[in-house]
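Colleague: Have a look; sequence and predicted model below, questions after that.
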Amino acid sequence: MTTTTIEKKPETSVPRPQDRPVDPPRRSGDRKRLLVGFDLGTNASCVLVGVADTKDITVSKIIPTVVGYAREGLVDGIIANNATLLIGEEALNHRLQLKMIAPLEDGIIADFPSARDFIRRVRTVIDPAGTAEIRAVIGMPANAGEAAREDIRACAAGVFDRVLLIPEPFLAALGFRDDARLGQPNYVDPVTNSLFVDIGGGTSDLCLIQGFFPTAEDQISLPFAGDAIDRIIEDELQRTYPNNGLSRATIRQIKEEHSYVGPVRKPLDVKVLIGGKSHTLELGEVIGRACNRLLEKIYPALTTLIARASSEFVAQLLQNIVVTGGGSCIRGFDTVLQQKLMDDGFEAPKVRLAGQDYKRFVAVGALKVARSAREDQWQHLLS
Amino acid sequence: MLNANSSIPEPGDAAHAAGVNRLIRRICLLREQGMVAEAARLEREDLAMAVRRLRDNPAGAGFPEDVVKGLFAREESRAADAVALAEFLVPQLLAHWPPRSPAAVAGPVPPSLPPVPRAPGTGSPAISDLLDAMLAAERSNRRPLARVTREARTTDH
């Protein structure tokens, strides 16, 4: 759900990469066409690639959304090929030698140059030869404004040949849909009537999906998700254990291992190294409070969307509330949310978790869209 | 413009009548752009007041309700024509005159967009139909270029 300690914005001008720039050919002609499902997330991105007119997936990768620029004065050979720009795991592995930038914040581009570098570098993962025509369906947070969409388009211009920008929760529903079971009497297609709660790093996106394309009214995006939980835990730890020196990455690790919602669980002893010495911290209350805060934020948004659903179909909708994203790993999130709905009188609600593959659902849905889009539906990018 | 309708009061109160007409045109445009609440507010407050002023004035006595209705009918038609023309022209203009920043230009617009079923549970919709609906919504959102703000923008932690 979160990343290591990374600067959110460059202080001054960002060093431009010296590496080989990506310069895709301009004319499509007879070039091989690659279709891409791209979940550009605040902390992690997922990219799925398939050759057009096939069902094959040629690339399936989850890449931490981070760009590292080499610091000045590095000794030759410290970074392979003396690269000045790295992304993802490679960047994280060399973070001591790099100035780390997170291109996205709250699900949208916060730093344009690094976002552009990130997308350019992703292209080399998709198409190492740099010769294919690339059409990408890119996920956007629910309710992302036109300015945010324009930023993505501007970053993708000259990198991808054509794009489609689609709200992430909708893509998650498409990715979650089991196409093989469509039409079976006991299978309810999540695309026809469901409510998706996608808890990422920067935003929690809720979306009513009722068989038509969700409008702004059907979606709520909250800038409160995994990163916000980290910050709460960090602040509370700082108060309880001042100068603990725990990095955001360590706090994230602790959260991912012990997160839960519901009544406070005690004891929850966590062993950490502070100043090289082993300490045991009691974190039951701190973690529970931070995670419950997320639930408190999401619940009113959830009930707001339920109230907006057609009364004729709301009973079926209540059976199809799906929690996905990193937040779906918080223990008890589904059961506590379901109980809360029941306590408030909602008729037989059923909340379920998307499952272990949650990191890929948006990209899977995006690739399905890419494979179904008609020629006239793709958007051209002017560079 | 008002001169086109002979039953609309003449010149003594022309300024007021023109103001009413402008308001009606604005209301029709707002409705066409989907800003129904703002249109209703203008109609309820500003237009009602303007019409009342006009009728209170002896020169505006000949401003009955059917004239207002006539103005609405005419401006609704004009607003619809203007929006349809903009829908047709904007993609073409964008395609020929690159905007300041790199931007997307939607592909050719199909002559008519198939309606997407609004009732859930009536079968699995085709992805391409859903995309049609999305692109149609995007086109209507672009007039005027509106930013959809996020709810609960502030984080309290």
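Modeller: Nice, I can see it. Numbering: from 1, shown residues only, chains lettered A, B, ... in the order given.

Colleague: Every contact and neighbour count from this point should use C-alpha atoms.
Modeller: Fine.

Colleague: looking only at pLDDT, what's the mean for stretch B:16-30?
Modeller: Averaging pLDDT along stretch B:16-30 yields 82.

Colleague: Can you give me the buried ones in that stretch?
Modeller: Neighbour-count burial for stretch B:16-30, counted by 16 or more other Cα atoms under 10 Å in any protein chain shown, picks out B:16-18, B:20-30.

Colleague: tell me which of the residues you listed is nearest to chain A?
Modeller: Nearest to chain A among the buried residues of stretch B:16-30 is residue B:30, at 17.7 Å by Cα to the nearest Cα.

Colleague: The closest one falls within a helix, correct?
Modeller: Yes. Assigned with DSSP: H, G, I helix; E, B strand; the rest coil, residue B:30 falls within a helix.

Colleague: Quick check: the residue of the stretch 1-150 of chain A nearest chain B.
Modeller: At 4.6 Å from chain B, residue A:145 is the closest residue in the stretch 1-150 of chain A, using Cα to the nearest Cα.

Colleague: confidence score at that residue?
Modeller: Looking at residue A:145, its pLDDT is 83.

Colleague: Also residue B:92?
Modeller: 61.

Colleague: Let's test this: what are the backbone torsions at residue A:36?
Modeller: phi -130, psi 130 (degrees, to the nearest 10).

Colleague: Ranking helices and strands of chain B by mean pLDDT, which lands last?
Modeller: Counting by mean pLDDT, DSSP states H and E, chain B has its least confident helix or strand at strand B:104-106, which shows a mean of 45.

Colleague: show me where pLDDT drops low in the chain?
Modeller: I went with chain A, as the question did not name one. Applying pLDDT under 70 to chain A flags residues A:1-30, A:382-383.

Colleague: switch to chain B, that's the one I care about
Modeller: If you take pLDDT under 70 as the line, chain B has these spans: B:1-15, B:34, B:58-62, B:87-124, B:140-157.

Colleague: try 50
Modeller: B:1-12, B:98-119, B:121, B:143-157 (pLDDT under 50).

Colleague: So which residues of chain B form helices?
Modeller: B:14-32, B:36-42, B:48-56, B:65-96, B:127-141 (DSSP state H).

Colleague: of all the ones you listed, which lies closest to residue A:378?
Modeller: helix B:127-141 (9.7 Å; Cα to Cα).

Colleague: Check which residues of that closest one are buried.
Modeller: Result for helix B:127-141 [16+ other Cα under 10 Å]: buried residues B:127-135, B:139-141.

Colleague: Stretch A:94-101 too?
Modeller: Per 16+ other Cα under 10 Å, stretch A:94-101 contains these buried residues: A:94-95, A:97-101.

Colleague: end-to-end on that stretch?
Modeller: Here the two ends of stretch A:94-101 are set 13 Å apart, with distance taken as Cα to Cα, to the nearest Å.

Colleague: next one: it to chain centre, how far?
Modeller: Mean-position distance between stretch A:94-101 and its chain equals 22 Å (Cα atoms, centre = their mean, to the nearest Å).

Colleague: who's in contact with residue A:58?
Modeller: A:48-51 (Cα atoms under 8 Å, 6 or more residues apart in numbering or on different chains).

Colleague: just to revisit the earlier point, same for chain A: which of the buried residues of helix B:127-141 are within range?
Modeller: With Cα under 8 Å from any Cα of the partner chain as the criterion, these include B:127-128, B:130-135 near chain A.

Colleague: which of the buried residues of stretch B:16-30 are close to chain A?
Modeller: Counting by Cα under 8 Å from any Cα, no member of those reaches chain A.

Colleague: Tell me the one of those residues nearest residue B:45?
Modeller: For the buried residues of stretch B:16-30, the nearest to residue B:45 is residue B:23 (10.8 Å; Cα to Cα).

Colleague: Report the contact partners of the residue lying closest to that closest one once chain neighbours are set aside.
Modeller: Leaving aside its sequence neighbours, residue B:23 sits nearest to residue B:47 (Cα to Cα, 6 or more residues apart in numbering or on different chains; 6.4 Å). Going by Cα under 8 Å, 6+ apart, residue B:47 touches B:20, B:23-24.

Colleague: Can you give me the distance of residue B:47 to chain A?
Modeller: 28 Å (Cα to the nearest Cα, to the nearest Å).

Colleague: what does the stretch 1-150 of chain A put close to chain B?
Modeller: A:143-147, A:150.

Colleague: Adding neighbour count and secondary structure, write those residues out as TSV.
Modeller: Formatted as TSV, the residues of the stretch 1-150 of chain A next to chain B follow (neighbours: other Cα atoms under 10 Å in any protein chain shown; DSSP: H, G, I helix; E, B strand; the rest coil):
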residue	neighbour count	secondary structure
A:143	26	coil
A:144	21	coil
A:145	18	coil
A:146	17	helix
A:147	15	helix
A:150	17	helix
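
Colleague: Out of these, the closest to residue A:34 would be?
Modeller: Distance ranking of the residues of the stretch 1-150 of chain A next to chain B against residue A:34, using Cα to Cα, places residue A:150 first at 22.8 Å.

Colleague: Grab the most central residue of chain A for me.
Modeller: Closest residue to the average C-alpha location of chain A: residue A:41 at 3.3 Å, with Cα atoms, centre = their mean.

Colleague: For the nearest residue to that one once chain neighbours are set aside, give me the backbone phi and psi.
Modeller: Excluding its sequence neighbours, the residue lying closest to residue A:41 (Cα to Cα, 6+ apart) is residue A:107, at 6.0 Å. Residue A:107 has phi and psi values of phi 80, psi 0 when expressed as degrees, to the nearest 10.

Colleague: OK, contacts around residue A:107?
Modeller: A:40-42, A:140-141, A:201-203.

Colleague: how many other residues sit next to residue 126?
Modeller: This is for chain A. 23 (other Cα atoms under 10 Å in any protein chain shown).

Colleague: nope, chain B please
Modeller: Neighbours of residue B:126 (other Cα under 10 Å): 13.

Colleague: ditto for residue A:280
Modeller: 12.

Colleague: ok but it is inside a strand, no?
Modeller: Yes. Looking at residue A:280 with three-state DSSP, it is inside a strand.

Colleague: who's in contact with it?
Modeller: A:269-272.

Colleague: For it, give the beta-bridge partners.
Modeller: residue A:271 (DSSP bridges).

Colleague: report the longest helix in chain A, please.
Modeller: Identified as the longest helix of chain A according to DSSP H is helix A:284-308.

Colleague: Which other helices and strands does that one contact?
Modeller: strand A:204-209, strand A:219-222, helix A:226-240, helix A:333-343 (3 or more Cα pairs under 8 Å, 6 or more residues apart in numbering or on different chains; DSSP states H and E).

Colleague: Distance from stretch A:244-252 to the middle of the chain?
Modeller: 21 Å.
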